[in-house]
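1. Need coordinates for the following:
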Amino acid sequence: MPSGFVMHTLGHVTDRVPGLRRVPVVKLLSAAEIALLAHDHLARLTPAERRRLIALVRAGRGRRTRLTESERAELETLLVKLAPRMFMGTAVDRLSPVPLPRRLLYGPGRQQRPS
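-> Modelled structure (predicted):
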């Protein structure tokens with residue numbers, strides 16, 4: 001249970017930001033947690049790689065078939081570097097009250113685990 005000071009401060013903040021009182025604090029904290037995880041995963045790419053990823057996604061307009069074979073391979077390389085399975089598994093693990101099996105984070109079998 002939060003202290004009286006925290007609740008008092010939250011009360012003042014919600015008075016100043018319109019509509020914030022209607023958003024549950026747990027949802028705000030969950031969204032912030034996912035945003036921080038996304039930032040950590042995007043930080044795995046260099047700025048040039050991030051720009052190239054955005055350019056490829058825009059060029060393909062959400063469809064891999066609109067990209068050339070070399071562009072698809074480049075996109076796949078960038079996506080592998082982002083580790084989307086680990087991102088989703090970590091997000092679910094952080095938000096879930098039940099611990100997830102490790103295979104959901106790293107995949108089945110003897111895959112390389114990050115150090």
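2. Report the separation between the residue most central in space within the chain and residue 83.
-> The C-alpha lying nearest the average C-alpha coordinate of the chain belongs to residue 38 (CA atoms, centre = their mean; 3.0 Å). Counting by CB to CB, to the nearest Å, the gap from residue 38 to residue 83 is 12 Å. Every residue, glycine included, has its C-beta placed from N, CA and C.
3. top helix in this structure by residue count?
-> helix 25-42 (DSSP state H).
4. Can you give the distance from the next helix or strand after it to the centre of its chain?
-> Using DSSP states H and E, the helix or strand that follows helix 25-42 in sequence is helix 47-60. Centroid separation between helix 47-60 and its chain, computed with CA atoms, centre = their mean, to the nearest Å, is 17 Å.
5. try stretch 43-61
-> 16 Å.
6. hmm, who's touching that stretch?
-> 42, 66-67, 71, 74-75, 78-79, 81-83 (CB atoms under 8 Å, 6 or more residues apart in numbering).
7. check contacts around residue 75.
-> Applying CB under 8 Å, 6+ apart, the residues contacting residue 75 are 53, 56-57, 60, 64, 67.
8. ugh, wrong one, residue 89
-> 100, 104-106.
9. Going through those residues, which ones are buried?
-> 105-106 (16 or more other CB atoms under 10 Å).
10. Below-threshold pLDDT in the protein: ranges please.
-> 1-23, 109-115 (pLDDT under 70).
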